[in-house]
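Chemist: coords below, sequence missing:
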């Protein structure tokens, strides 16, 4: 194994410091508010603009954003950076839909509520299978990413790093619910932004952009080519994949229900725009590493290697904090929103409709623990090809974009059309994944799903009344 | 969002995907448009400025909502 960037003693100190901080804040925030199920699942449905924007950004900044985006820049140049940054479009394009959701379903709790009320139980099952595969894939990639990254950065054993990150996220989510998730997300997003600013500013003070450009023109001119065909394809796949992820996932729907109506639209636009700057900055560090002919043992370690070389042990500590914050902020959101989905849609609506508010809150807490345990179990055997898992789920989630978008705006969007669109989009996306290239999966899936949805709504229209979405309240 | 916008986005992305894939398969020499030093400077420092702006805006909004007791 390569030499770690950070001495284990310093790494342990940082882990203990931030773990204690997140757990203490989580427990403290958990004692605020009314203490009912809505408080635990949606932080009282009254989050303001600052916390709403920050939680969107922090949840969308995964370990990949800080490590894969520099790799994209290093490997694919400008289009690598841009393609990763285009994932922010998912949040921006969801903004009008978020407002529509808030108006149509002010008392709902999950994305599953919408699909069940809008398209019926059969469509709900298809949707839940897609969302279950995506969520498990996301949880596993984040957990494995935690183990692999902490091992590379600090020499921690893979399983130890994974247990620490999942354990800390599970504990503060369990005690503090959505309020703890949103509160810690704010601090984590600020940490990530400020530390990245420091690293990038110091890097470009040492290597001015003109020198980097000159070196790239001399050695890798293709990295500066704006007409790179593969770059265009990867960029659009990234945008559509992110739309699929955001439009269907309860992570983002739960933020809509948790935020005040007058901040929902602005928080998604601001969150998306703010987030897009992060892969541009980290991606440009990848280009800088390429221009300075940096020796990189593993290409996904471009960012830590560059930072450690520029700033020494202090730089390695900064990277460690950024990665730890990125991982915990994404895992806590996944745990909380998936627990909400399972408690509301499966426990309450499927098995025990007469459950009390207290029983619903307890069920949500049990789901957090079960999900944390399941993630640990599934991530125990280590896999190193995480990117392929993510591209695979792209074929599934991109098929949900049009059923969700059309279902919110067109009364003619039918349940059979939605089911056919999700199934056909997924099938074609998976075929593209295997037969063409993994990065074509989301594009084909979304395109086929759109055609099916539009044709079905045009030729076999439904007559949906919007008031049916409010009957749940 | 309007139906036409969604359709346009779908159409554009599909056309781009097919054109890009076809171009990659068939054409041995693809067209090139390299970013100049000035453009590169705009991209790099624009990203940095954007991140700085996002941080300042987020902190400002937080401070104003905290003063009014409207964080949550």
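Modeler: Received it, and whenever you're ready, just let me know what you need. No experiment lies behind these values; they were computed from the predicted model shown. Numbers count the residues shown, from 1 in each chain, chains lettered A, B, ... in the order given.
Chemist: what parts of the stretch 101-250 of chain A come near chain B?
Modeler: A:179, A:182, A:186, A:189-190, A:193-194, A:196-197, A:200-201, A:204, A:209-210, A:212-214, A:216-217, A:221-222, A:224-230, A:232-233, A:236-237, A:239-240 (CB under 8 Å from any CB of the partner chain). Quick note: C-beta positions are derived from backbone N, CA and C, even for glycine.
Chemist: mind redoing it with 7 Å?
Modeler: Proximity of the stretch 101-250 of chain A to chain B is confined to A:193-194, A:196-197, A:200-201, A:204, A:209-210, A:213, A:221, A:224-227, A:229-230, A:232-233, A:236, A:240 under the rule CB under 7 Å from any CB of the partner chain.
Chemist: which ones among these lie within strands?
Modeler: Using DSSP state E, no member of those falls in strands.
Chemist: narrow those to just the buried residues.
Modeler: Among those, those scoring as buried are A:193-194, A:196-197, A:200, A:204, A:209, A:213, A:224-226, A:229-230, A:232-233, A:236, A:240 (criterion: 16 or more other CB atoms under 10 Å in any protein chain shown).
Chemist: taking those one by one, which sit in helices?
Modeler: A:193-194, A:196-197, A:200, A:204, A:209, A:213, A:229-230, A:232-233, A:236, A:240 (DSSP state H).
Chemist: need the max-distance pair from the residues you listed.
Modeler: A:194 and A:229 (37.3 Å; CB to CB).
Chemist: give me the low-pLDDT residue ranges for chain A?
Modeler: Within chain A, the segments meeting pLDDT under 70 span A:1-2, A:383-388, A:471-473.
Chemist: contacting residues for the residue nearest the centre of it?
Modeler: Residue closest to the average C-alpha location in chain A (CA atoms, centre = their mean): residue A:60, at 4.1 Å. Counting by CB atoms under 7 Å, 6 or more residues apart in numbering or on different chains, residue A:60 makes contact with A:91, A:275.
Chemist: roughly how far does it sit from residue A:169?
Modeler: 16 Å (CB to CB, to the nearest Å).
Chemist: check residue A:44 too.
Modeler: Counting by CB to CB - residue A:44 and residue A:169 are separated by 21 Å.
Chemist: repeat that for residue A:297.
Modeler: 29 Å.
Chemist: look at those two and report which has more neighbours.
Modeler: Neighbour count, other CB atoms under 10 Å in any protein chain shown: between residue A:297 and residue A:169, residue A:169 has more, with 32 against 10.
Chemist: any idea which element the nearest residue to that one once chain neighbours are set aside lies in?
Modeler: Among residues not flanking residue A:169 along the chain, residue A:331 sits closest, at 4.1 Å (CB to CB, 6 or more residues apart in numbering or on different chains). Assigned by DSSP states H and E, residue A:331 belongs to helix A:302-341.
Chemist: can you give me the buried ones in that helix?
Modeler: Neighbour count says helix A:302-341 has A:302-311, A:315-341 buried, by 16+ other CB under 10 Å.
Chemist: residues in contact with the closest residue to residue A:200 other than its chain neighbours?
Modeler: Residue nearest to residue A:200 in three dimensions, not counting chain neighbours: residue A:281, with 4.8 Å by CB to CB, 6+ apart. By CB under 7 Å, 6+ apart, the contact list for residue A:281 reads A:196, A:200, B:47-48, B:51.
Chemist: the strand or helix carrying residue A:281: which residues count as buried?
Modeler: Using DSSP H and E, residue A:281 falls within helix A:261-291. Buried residues in helix A:261-291, counted by 16+ other CB under 10 Å: A:263-291.
Chemist: low-confidence ranges, chain B, go.
Modeler: Ranges of chain B meeting pLDDT under 70: B:1-31.
Chemist: try it again with 50
Modeler: Filtered on pLDDT under 50, chain B yields the residue ranges B:1.
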